[in-house]
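here's my sequence, what's the structure:
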Amino acid sequence: MTASPMGQMPLLEVGGQVICQSGAIFRYAAKETGLSGAAGWEEAQVDMFVSGIDDLQTKLWEVRFERDEAKKEEKKTGLATFVPNFLGNYEKLCGSDGHLVGTSLTYADLAFFVGMHDVLKHSAGALEKYPKLAKVVESVKENKGVAAYIAERPESDI
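The predicted structure follows:
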């Protein structure tokens, strides 16, 4: 196994070169597969959405893995305010074509789909007030590659 340049996981090795850090790996893979958005402003918007989704996922994980019940309840209360604000902002910024940015699938759409998994699992109607975001989730779900993966993946709580 190749050593990580920073002593951390995850890492990606391509052609004998190694990088680590999730964000760097995501952006590299997105550029290599045409999922990073058009160069320039659209690419920056994709990165903006993904960074915000990271914030959401961090808050969700903090609640999920908090062992102290009092702290967990406090974090749930904070999440109850954060999530509607987050979704409201994303709804305002979201494109109308079933994608957060532009008119084709980007890694921001994929990240949003994954980030919303836990939210929708616990609150199926979470996107009722956010039709553009609901359309993003449906667009990702209908993507042939994503649909095939979902059909074949093992069930997991994570």
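
okay, now A148: neighbour count?
By other C-beta atoms under 10 Å, the residues close to A148 number 10. Every residue, glycine included, has its C-beta placed from N, CA and C.

element containing it?
helix 144-152 (DSSP states H and E).

return the list of helices and strands in contact with that helix.
If you count contacts as 3 or more C-beta pairs under 8 Å, 6 or more residues apart in numbering; DSSP states H and E, helix 144-152 packs onto helix 131-142.

buried sites along the helix it packs on?
The neighbour-count check on helix 131-142 (16 or more other C-beta atoms under 10 Å) flags 132-137, 139-140 as buried.

what about Y28, which SS state?
helix (DSSP: H, G, I helix; E, B strand; the rest coil).

quick one, what contacts it?
With contact set as C-beta atoms under 8 Å, 6 or more residues apart in numbering, Y28 has these partners: 12, 14, 19.

for PyMOL, write the selection for the buried entries among those.
Provided next is the PyMOL selection string for whichever of the contacts of Y28 are buried by 16+ other C-beta under 10 Å:
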select buried, resi 12+19
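
now, among the contacts of Y28, which is nearest to E43?
Nearest to E43 out of those is I19 (C-beta to C-beta; 18.3 Å).

now do the contacts for the closest one.
So I19 contacts 5, 11-12, 25, 28 (C-beta under 8 Å, 6+ apart).

hang on, it in a strand?
Yes - using three-state DSSP, the secondary structure at I19 is a strand.

make JSON lines out of the contacts of Y28 and add pLDDT.
Listed next are the contacts of Y28 as JSON lines, based on pLDDT from 0 to 100:
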{"residue": "L12", "pLDDT": "93"}
{"residue": "V14", "pLDDT": "94"}
{"residue": "I19", "pLDDT": "92"}
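
ok so, going back, just how off-centre is the helix holding A148 within its chain?
17 Å (C-alpha atoms, centre = their mean, to the nearest Å).

try stretch 9-18
So, by C-alpha atoms, centre = their mean, the centroid of stretch 9-18 is 22 Å from its chain's centroid.

not counting that stretch itself, show me its contacts.
Residues from elsewhere that reach stretch 9-18 (C-beta under 8 Å, 6+ apart): 2-5, 19-20, 22, 25, 28-29.

mean confidence for the helix or strand hosting A108?
In the assignment (DSSP H and E), A108 maps to helix 107-122. Helix 107-122 carries an average pLDDT of 90.

quick one: list the elements packing against it.
Judged by 3+ C-beta pairs under 8 Å, 6+ apart, helix 107-122 is in contact with helix 22-33, helix 41-65, helix 131-142.
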